[in-house]
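Q: I would like to see how this sequence folds:
(2 chains)
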Amino acid sequence: MAINKTVKDADEAIRDVFPGATLLFGGFGLCGIPENCIAALVKKGVNQLTCISNNAGIDDFGIGLMLKKKQIKKMISSYVGENAEFERQLLSGELEVELIPQGTLATRCLAAGYGIPAVYLPAGVGTEVAEGKETRNFNGKNYLMEYAFEADFAIVKAWKGDTCGNLIYKETARNFNPVMAMAGKITIAEVEQLVPAGELNPDHIHTPGIYIKRIFQGSNYEKRIEKITVRKRNS
Amino acid sequence: MALTKEQIAQRIARELKNGYYVNLGIGIPTLVANYIPAGINVELQSENGLLGMGPFPFEGEEDADLINAGKQTVTTLPGSVFFDSAVSFGMIRAGRIDFTVLGAMEVSEKGDIANWKIPGKMVKGMGGAMDLVASAKNIIVAMQHTDPRGNSKLLSTCTLPLTGVGCVKKVVTDLGVFDIIEEGFCCIEYAQGVTIDEIKTKTAGRLTISADVKEMAI
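A: You can find the predicted model right below:
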C-alpha cells in the first residue's frame, strides 16, 4: 500500500506552523502561489515568521496579506517591487529584508533538496551581496559561498497531485515550487486536482512524493494576474 | 534626433544571430522581441521558467499560469518548454544564453552596471539581473543616455550599488552605440541628427570615437 499524505484542508496542513518559524513559499509574482495556505496562515495569525519567497506579493494578495497583518519578521526575496505596504514596513524598520539574486535563491533551495550544505555561485561578486561571504576562485573566476536554506516548512502549489504526494506543475506556475518542495523540513503541497495514487503517469511527475509531508486539494483559486497583456486579433 | 525606445530596441535586434538563445530584461529590452529580423531564428528565455516565449495572448485567452519574467501574460510557440527556477538559472549560469539585453541606471567605462537599487529611495531588488550579468557571455545594455535631469548615465565609476562588475560589452542609447573596450566607451555609431559633440558633452565616462564611426542605419 502506498503511503497516504492527504490532509483535509489548508488549516490542517499548516496546523503546526509556529511563531518564529522559517517558511519557503513557492510562486513567482502571483503565479503558482499557495493561495489556500496563505489564507490559512493569515487566519491562524501566527507571527514573527521568516519568509523566503522570490517576491512578496502585492498589497492585497499573496504574501502581501501576511505583511498587512504584520506576521512577517523577515523577508528573503529577490524582487519586492509593487508592494506599498512592504516598502512602508521596510523604510520604518518594522520589517527586516534580505535581497538576494533570484538564481542564488533557487540554487540555495536546490542545495537543500539535494543534501548539499553550500554551493559556490557567481551572482553578486563585487557587489554588496558579496559582503561577509567567503569568496573562492575557480578557473580564474570568483564565486561566493552560499549556504543551503534551512527552512522549517516549505509551502508549495502544484496543478495535480496524488495521495502519495507526487506533484505535477502547470506551465510557468512551476517556477520555484519544485525546488522549494525539496528543501523544506516539512513540505506542504496544495493542488488544484488531487487524484488517487496510480492515476498520474510516473514518467510525468515533477516532484517525487518522498519530499511531501502533507497534500490537500485546494479550493476557490483566484489566480490573479498581475499584468494582463494582450494583442489584437488582427495584428 | 535622438532615438525613440522602439528605435533603440530595433538597433539592438540587429545584433541577433541565427540560433541565439536570448534573454530580454524588462523595459526597452522587452521591445527587442518586436524587431527580430526576418530569417533570424532565435528563442527567447524568460527566467521564471520558459524557453521559446511567444507573443502576448489574444484578448480573452490570457492564462494566469503562463507569464513572463515581467509578470505579463504571454504564450508558447511550437518547441516551447517549461522548467523550474533552478534549471532556468542553471542554463544562465552555465553560459547557454547567447545574448542578454538589460536596462540600467548607470554603466561605467569598465563595463560595471548598476540597475537594482537607489539607496534611501528605491529598493525593489535585483531579481535575476545579478545572475545574468555574472554569467552571460554577451551583455548589451539598452538605456537612455542621460537621466531625466540630464545627467550622464555613462560614467567613469558607477555611483549606485553595483549589479555586476566588468560585464557589459555594448551600450545602445538614444544617442548612439558604444562598445566597451580597454579605453572605456568607444562610440561606433551615432543616431541620425546627433552630433559627436553632443555625445561628448553627455558622456561623463572616458570616451573615444571609433575611426570607423558612422551614422546609425535604422
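
Q: A:Arg108 reaches A:Pro117, doesn't it?
A: No: using C-beta atoms under 8 Å, A:Arg108 is not in contact with A:Pro117; the gap is 10.7 Å. Just so you know, the C-beta spots here come from the backbone N, C-alpha and C atoms, and that holds for glycine as well.

Q: shared neighbours, those two?
A: Common contacts of A:Arg108 and A:Pro117, defined by C-beta atoms under 8 Å, 6 or more residues apart in numbering or on different chains, comprise A:Tyr147, A:Ala148.

Q: and those two? Which one has more around it.
A: Set side by side, A:Arg108 and A:Pro117 show more neighbours around A:Arg108, with 25 against 10, by other C-beta atoms under 10 Å in any protein chain shown.

Q: retrieve the pLDDT associated with that one.
A: Per-residue pLDDT puts A:Arg108 at 98.

Q: for the nearest residue to it once chain neighbours are set aside, give me the pLDDT.
A: Nearest non-adjacent residue to A:Arg108, counting by C-beta to C-beta, 6 or more residues apart in numbering or on different chains: A:Phe149, 4.9 Å away. pLDDT for A:Phe149: 98.

Q: now do A:Ser235
A: 52.

Q: chain neighbours aside, what residue packs nearest to residue 212?
A: Just going to use chain A. Going by C-beta to C-beta, 6+ apart, A:Ile212 has A:Gly165 as its nearest residue, at 3.0 Å.

Q: I was after chain B.
A: Nearest to B:Asp212 is B:Ile188, by C-beta to C-beta, 6+ apart, at 7.0 Å.

Q: before we move on, what about B:Asn48?
A: A:Phe28 (4.5 Å).

Q: count of residues packed around the one you found?
A: 28.

Q: what sits against A:Thr6?
A: Going by C-beta under 8 Å, 6+ apart, A:Thr6 touches A:Thr163, A:Leu194, A:Arg214, A:Ile215, A:Phe216.

Q: A:Val125 too?
A: Contacts of A:Val125 by C-beta under 8 Å, 6+ apart are A:Thr135, A:Asn142, A:Tyr143, A:Leu144, B:Ala134, B:Gly164, B:Val165.

Q: try 10 Å
A: Applying C-beta atoms under 10 Å, 6 or more residues apart in numbering or on different chains to A:Val125 gives the contacts A:Lys133, A:Thr135, A:Lys141, A:Asn142, A:Tyr143, A:Leu144, B:Met130, B:Val133, B:Ala134, B:Leu162, B:Gly164, B:Val165.

Q: which ones among the contacts of A:Thr6 are found in strands?
A: Using DSSP state E, the members of these that fall in strands are A:Leu194, A:Arg214, A:Ile215, A:Phe216.

Q: tell me the most packed of those, by neighbour count.
A: Neighbour max across those (other C-beta under 10 Å) = A:Ile215, 27 neighbours.

Q: picking that back up, is it true that the residue nearest to B:Asn48 touches A:Met180?
A: No: if you go by C-beta atoms under 10 Å, A:Phe28 and A:Met180 don't touch, sitting 11.3 Å apart.

Q: okay, residue 174: pLDDT?
A: Picked chain A for this. The model's pLDDT for A:Arg174 equals 98.

Q: hmm, I had chain B in mind actually
A: Model confidence at B:Asp174 (pLDDT) stands at 98.

Q: and it, its phi and psi?
A: B:Asp174 adopts backbone torsions of phi -70, psi -10, taken as degrees, to the nearest 10.

Q: which residues touch the residue lying closest to it once chain neighbours are set aside?
A: Spatial nearest neighbour of B:Asp174, excluding adjacent residues (C-beta to C-beta, 6+ apart): B:Ala2 at 4.0 Å. Contacts for B:Ala2 (C-beta under 10 Å, 6+ apart) come out as B:8, B:144-146, B:173-176, B:191-194, B:198, B:202.

Q: now A:Cys37, what's its secondary structure?
A: helix (DSSP: H, G, I helix; E, B strand; the rest coil).

Q: what do you get for A:Gly103?
A: Classified using three-state DSSP, A:Gly103 is helix.

Q: which parts of chain B are helices?
A: B:5-13, B:28-31, B:85-93, B:129-135, B:196-202 (DSSP state H).

Q: do chain A as well
A: Using DSSP H, helices in chain A cover A:10-13, A:35-44, A:64-68, A:84-92, A:102-114, A:177-181.

Q: tell me how many other residues crowd residue 158.
A: Since you didn't name a chain, this refers to chain A. A:Ala158, neighbours per other C-beta under 10 Å, totals 31.

Q: other chain: chain B
A: 22.

Q: over to B:Lys121?
A: Around B:Lys121 there are 7 residues (other C-beta under 10 Å).

Q: show me what contacts it?
A: Shown in contact with B:Lys121 (C-beta under 10 Å, 6+ apart): A:Leu91.

Q: how close does it sit to A:Glu94?
A: Separation of B:Lys121 from A:Glu94 (C-beta to C-beta, to the nearest Å): 19 Å.

Q: follow-up on the earlier one: which neighbours do A:Phe28 and A:Met180 have in common?
A: A:Ser53, A:Asn54, B:Ser85.

Q: of all these, which comes closest to A:Gly103?
A: B:Ser85 (7.6 Å; C-beta to C-beta).

Q: surely that closest one and A:Asn54 touch.
A: Yes: using C-beta under 10 Å, B:Ser85 makes contact with A:Asn54 at a distance of 7.4 Å.

Q: got any residues that touch both of the two?
A: With C-beta under 10 Å, 6+ apart, B:Ser85 and A:Asn54 have common neighbours A:Gly26, A:Phe28, A:Ser78, A:Gln102, A:Leu105, A:Ala106, A:Asn175, A:Phe176, A:Met180, B:Asn48, B:Gly128.

Q: distance to A:Val129 for the residues you listed - can I get that in a markdown table?
A: Listed next are the shared contacts of B:Ser85 and A:Asn54 as a markdown table, based on distance: C-beta to C-beta, whole Å:
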| residue | distance to A:Val129 |
| --- | --- |
| A:Gly26 | 23 |
| A:Phe28 | 20 |
| A:Ser78 | 10 |
| A:Gln102 | 12 |
| A:Leu105 | 11 |
| A:Ala106 | 15 |
| A:Asn175 | 21 |
| A:Phe176 | 19 |
| A:Met180 | 21 |
| B:Asn48 | 20 |
| B:Gly128 | 13 |
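
Q: and A:Ala10, what's its pLDDT?
A: Confidence at A:Ala10, expressed as pLDDT, is 98.

Q: distance of it from chain B?
A: Distance of A:Ala10 to chain B, computed by C-beta to the nearest C-beta, to the nearest Å: 19 Å.
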